[in-house]
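**Student:** Need coordinates for the following:
(chains A and B)
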Amino acid sequence: MPEAFIYDAVRTPRGRGKADGALHEVSTLGLATTALGAIKERNKLDTKLIDDVVLGCVDPVGEAGGDIARVAALTAEYGDHVPGVQINRFCASGLDAVNFASAQVMSGQHDMTIGGGVESMSRVGIGASGGAWPVDPTIAIPSYFMPQGVSADLIATKYGFSRDDVDAYAVESQKRAARSWQEGRFAKSIVPVKDVNGLTILAKDEHMRPATDMQSLAALKPSFAMMADQGGFAAVAIQAHPEIEALNHVHHAGNSSGIVDGAAAVLIGNAEAGKAAGLKPRARIRAFANIGSEPAMMLTGPVDVTKKVLKRSGMKLSDIDLFEVNEAFASVVLRFMQAFDVDQSKLNVNGGAIALGHPLGATGAMLLGTVLDELERTGKSTALITLCIGAGMGTATIIERV
Amino acid sequence: MARFDGGCLCGAIRFSLDGDSRMNLACHCSDCTRYNGGAPAYEAVFERTAFQLTRGSPREYAIKGDSGRGIVRHFCAECGAPLYVHLEKLPRHIVMAAGAIDDFDSFAVKAHIFAASAPAWHMFVPGADTFPGDFPPPPAKAS
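**Tutor:** Numbering: from 1, shown residues only, chains lettered A, B, ... in the order given. Take a look at the predicted model:
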């Protein structure tokens, strides 16, 4: 089986996903084009070598609809021959796009591909693409549908994470993200977003709040208590998990992932294609996996899929040098650390989505690029990237430097 | 959606369950130990609407737990086999004696509760959560 190598990874800064966010003026297509354009330009890439572009996008409607990957390949001037496909596995779409692109190479059917993702949450709001799960009783009732924030609170309740625990985690995420920017750790991957005149709109992640501390977070009220109590979801949580008697509502805007805009792209290829492009591989895709997990708890998929991908790769947890676990909510990461007894010094070392934000379709590819940079910076070898996913799923990828 | 059938030792009571177990547990509390004549009580928690009696009528034995809340144990009046429990704290659920379900193999233990009461020689199921007492208590109401 051909190996899939990572030749480059780029991302835009994450802009606050609101109408007054810096990237609100940039279309979804513009963001995706920025990432693809950077891959082409900085690698002096002959795009004739590119067999496909796979981009994640979670709400592919309106300006983000109609196969954003194909049109972004066109606007990035890859040439008419480069196709594109948009995929959606909710929050893991960006990582799965890299996995799909890798699978195309590993199957021997493609030689060089791009995986990545895009989401302009300020322009195409979360949930814009609808879906059956929340609204169709034939699936919502038997699968115990709950909003994600309620599931995050359920995880905290079941596994014993207090408000102080999740807030302390959030403070650390902010500290790490701020330090990483100060030390230039993101510089290798960041591609500033520019306007049509070439003037920079955003060159740095915009969502961070480095002054966050326990006191400031303590002032925030839980975000999901009213939804759970008045929407009936607290009762659903207890029906699904009778081992709890009441929900402990600990999550709020300060310890949950931020709504942001952004895009990312990762250049994947086999060894021959890399040589033909004159590129040196930075890492190989060692293994990847997807899994379904219990829908009511919803966000514990990273634990299940990590077990699966380790087994698939024949690796042990101790073989992994660094972990990136998407900070959808603090309890998701705390549960991961609890389940595997992972030391926080090896996990999300440059902060995560609580500080930096979570542009849904792009985040997975961003995490992969961030941890690859960190492996290179520290001289380490292997990393595992994983994300929890709506409706109860998990995706994980293991990369290894070459 | 899964369907399970079950019943008592003598066949006087039969029941069906339409749905999936929400929690499979092993309870080591002194009440369960005494009631079952051994420990632990292997239990599978279903939504109460999933349960239907298809033959016979169990007898009931009602007591108060240490918490002061009601526990109603249902068993066969003919053979004495434990069948299911209604807990006041879980008004929407029924706690089935997992061994009364024909497909007992489907209910691997996910959690041990009141593990501190288990005999020293008891071997806990690897990978199952283990709590010295009941499941962690409900949190204080958020302000």
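**Student:** Could I get the full set of strands for chain A?
**Tutor:** Remark: strands assigned in chain A by DSSP state E are A:5-11, A:15-16, A:52-56, A:84-87, A:112-120, A:193-194, A:200-202, A:260-269, A:283-292, A:322-325, A:382-389, A:393-401.
**Student:** Summarise which helices and strands the last one is packed against.
**Tutor:** To tie it back to what came earlier, the one meant is strand A:393-401. helix A:93-106, strand A:283-292, helix A:301-313, helix A:363-378, strand A:382-389 (3 or more C-beta pairs under 8 Å, 6 or more residues apart in numbering or on different chains; DSSP states H and E). Where you see a C-beta, it was placed from the backbone N, CA and C, and this is true even at glycine.
**Student:** what about residue A:296, how many neighbours?
**Tutor:** 20 (other C-beta atoms under 10 Å in any protein chain shown).
**Student:** whoops, I mixed them up, residue B:92
**Tutor:** 12.
**Student:** surely it meets residue A:240?
**Tutor:** No - with contact taken as C-beta atoms under 8 Å, residue B:92 and residue A:240 are classed as non-touching, separated by 10.6 Å.
**Student:** so residue B:45 is in which element?
**Tutor:** strand B:41-47 (DSSP states H and E).
**Student:** With just CA atoms, put the following helix or strand past that strand into PDB.
**Tutor:** Under the assignment DSSP H and E, the closest C-terminal helix or strand after strand B:41-47 is strand B:51-55. C-alpha atoms of strand B:51-55 as PDB (Å, rounded to 0.1, in the frame of the first residue of the first chain):
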ATOM      1  CA  PHE B  51     -41.400  -3.300  30.100                       C
ATOM      2  CA  GLN B  52     -44.500  -5.400  29.700                       C
ATOM      3  CA  LEU B  53     -45.700  -8.400  31.700                       C
ATOM      4  CA  THR B  54     -46.800 -11.200  29.300                       C
ATOM      5  CA  ARG B  55     -47.700 -13.900  31.900                       C
END
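**Student:** Which positions in strand B:51-55 come out as buried?
**Tutor:** By 16 or more other C-beta atoms under 10 Å in any protein chain shown, the buried positions in strand B:51-55 come out as residue B:51.
**Student:** Mind listing the strands that strand pairs with, and their directions?
**Tutor:** strand B:14-18 (antiparallel) (DSSP bridges).
**Student:** quick one on the thing from earlier: would you mind pulling the contact partners of the strand holding residue B:45?
**Tutor:** With C-beta atoms under 8 Å, 6 or more residues apart in numbering or on different chains as the contact definition, strand B:41-47 has outside contacts at A:239, A:242-243, B:17, B:19-27, B:32-33, B:35, B:82, B:85, B:90, B:92-99, B:101, B:104, B:107, B:109.
**Student:** partners of that strand in the sheet?
**Tutor:** Here strand B:41-47 is paired, per DSSP bridges, with strand B:23-27 (antiparallel), strand B:93-97 (antiparallel).
**Student:** Could you measure from residue A:107 over to chain B?
**Tutor:** Using C-beta to the nearest C-beta, to the nearest Å, residue A:107 is found at 35 Å from chain B.
**Student:** Then residue A:105?
**Tutor:** Residue A:105 is 36 Å from chain B, by C-beta to the nearest C-beta.
**Student:** near chain B, which residues of the stretch 101-250 of chain A show up?
**Tutor:** Neighbours of chain B within the stretch 101-250 of chain A, by C-beta under 8 Å from any C-beta of the partner chain: A:142, A:157, A:160, A:222, A:225, A:235, A:238-249.
**Student:** which among those residues end up buried?
**Tutor:** Applying 16+ other C-beta under 10 Å to those flags A:157, A:222, A:225, A:238-249 as buried.
**Student:** okay, and for the chain, where does confidence drop off?
**Tutor:** Picking chain A for this. Within chain A, no stretch has pLDDT under 70.
**Student:** You answered for a different chain; I wanted chain B.
**Tutor:** Along chain B, the parts satisfying pLDDT under 70 run over B:137-143.
**Student:** which residues of it fall in helices?
**Tutor:** Using DSSP state H, the helices of chain B run over residues B:30-36.
**Student:** in it, which spans are strands?
**Tutor:** Under DSSP E, chain B gives strands at B:3-7, B:14-18, B:23-27, B:41-47, B:51-55, B:59-64, B:70-75, B:82-87, B:93-97, B:111-113, B:129-130.
**Student:** I'd like to check the angle between the first one and strand B:41-47, please.
**Tutor:** So the one you mean is strand B:3-7. Relative orientation of strand B:3-7 versus strand B:41-47 (axes from the mean of the first three to the mean of the last three C-alpha atoms, to 10 degrees): 130 degrees.
**Student:** helices and strands around strand B:3-7, which ones?
**Tutor:** With contacts defined as 3+ C-beta pairs under 8 Å, 6+ apart, strand B:3-7 has these neighbours: strand B:14-18.
**Student:** give the contact list for residue B:10.
**Tutor:** B:76, B:78, B:79, B:81.
**Student:** and which of those is nearest chain A?
**Tutor:** residue B:81 (23.2 Å; C-beta to the nearest C-beta).
**Student:** can you pull the contacts of that closest one?
**Tutor:** Residue B:81 sits next to B:8, B:9, B:10, B:13, B:75, B:97, B:100 when contact means C-beta under 8 Å, 6+ apart.
**Student:** Which residue comes closest to the last one once chain neighbours are left out?
**Tutor:** Across the structure, with C-beta to C-beta, 6 or more residues apart in numbering or on different chains as the measure, the residue nearest residue B:100 apart from its sequence neighbours is residue B:6 (4.7 Å).
**Student:** Distance of the one you found relative to chain A?
**Tutor:** When residue B:6 is compared with chain A (using C-beta to the nearest C-beta), they lie 19 Å apart.
**Student:** and that residue, how many residues sit next to it?
**Tutor:** For residue B:6, using other C-beta under 10 Å, the count is 23.
**Student:** how about residue B:33, what does it touch?
**Tutor:** Residue B:33 makes contact with B:39, B:40, B:41, B:117 under the criterion C-beta under 8 Å, 6+ apart.
**Student:** Quick one: buried ones out of the residues you listed?
**Tutor:** Using 16+ other C-beta under 10 Å, the buried ones in these are B:39, B:40, B:41, B:117.
**Student:** Is it correct that the second one is in contact with residue B:28?
**Tutor:** Read it as residue B:40. Yes - applying C-beta under 8 Å as the test, residue B:40 and residue B:28 come out as touching, 4.6 Å apart.
**Student:** Give the bridge partners for the most centrally placed residue in chain B, please.
**Tutor:** In chain B, the centroid-proximal residue (C-alpha atoms, centre = their mean) is residue B:43; its distance is 3.4 Å. Beta-bridge pairing of residue B:43, defined through DSSP bridges, involves residue B:25, residue B:97.
**Student:** roughly how far apart are it and residue A:239?
**Tutor:** Between residue B:43 and residue A:239 the distance, using C-beta to C-beta, to the nearest Å, works out to 17 Å.
**Student:** do residue B:94 as well
**Tutor:** Counting by C-beta to C-beta, the gap from residue B:94 to residue A:239 is 12 Å.
**Student:** check contacts around residue 8.
**Tutor:** Answering for chain A, as no chain was given. Listed by C-beta under 8 Å, 6+ apart, the contact partners of residue A:8 are A:39, A:42, A:43, A:266, A:267, A:279, A:282.
**Student:** Not quite, go with chain B.
**Tutor:** So residue B:8 contacts B:56, B:58, B:75, B:76, B:78, B:79, B:81, B:83, B:100 (C-beta under 8 Å, 6+ apart).
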